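A.B. asks: structure, please.
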Amino acid sequence: MNLRARRLDDRIRELCTDAVSAKDYPKAKSILSELQSAVHQYTQRLRARAAALLTGRDLPPDRRQNSGDRRKSSVPSSPHSHPQTRSK
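C.D. replies: Numbering: from 1, shown residues only. Here you go, the predicted model:
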């Protein structure tokens, strides 16, 4: 298992796969413990992003954009961060 996965969601997917394929209880228990920690960390990051969006604060930086991932963030920008208004 690669503990230095580039993104937390990749690490969570990898841990899920490892947990399903674990052959013995001690190995599965260890993997599930690590998975629980990773999901907790993901939840904390998601809460921070939601709080920033709801309060109009700047979002924490999306590390995926800095790591060479060219895809755009799936989280819409805050209406307070751009002076443009959207027309309907």
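
A.B. asks: drop to CA atoms for contacts and neighbour counts, all remaining ones
C.D. replies: Will do.

A.B. asks: in whatever helix or strand Gln44 lives in, which residues are buried?
C.D. replies: Using DSSP states H and E, Gln44 falls within helix 25-55. Neighbour counts using 16 or more other C-alpha atoms under 10 Å place Ala28, Ile31, Leu32, Glu34, Leu35, Ala38, Arg49, Leu53 of helix 25-55 among the buried residues.

A.B. asks: remind me which residues of this protein are low pLDDT?
C.D. replies: Low-confidence segments of the chain, defined by pLDDT under 70: 1-6, 60-88.

A.B. asks: ok, now with 80
C.D. replies: 1-6, 58-88 (pLDDT under 80).

A.B. asks: need the buried residues of helix 25-55 in a markdown table with distance to Asp18, can you?
C.D. replies: Shown next, in a markdown table, are the buried residues of helix 25-55 (distance: C-alpha to C-alpha, whole Å):
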| residue | distance to Asp18 |
| --- | --- |
| Ala28 | 8 |
| Ile31 | 7 |
| Leu32 | 9 |
| Glu34 | 11 |
| Leu35 | 10 |
| Ala38 | 14 |
| Arg49 | 29 |
| Leu53 | 34 |
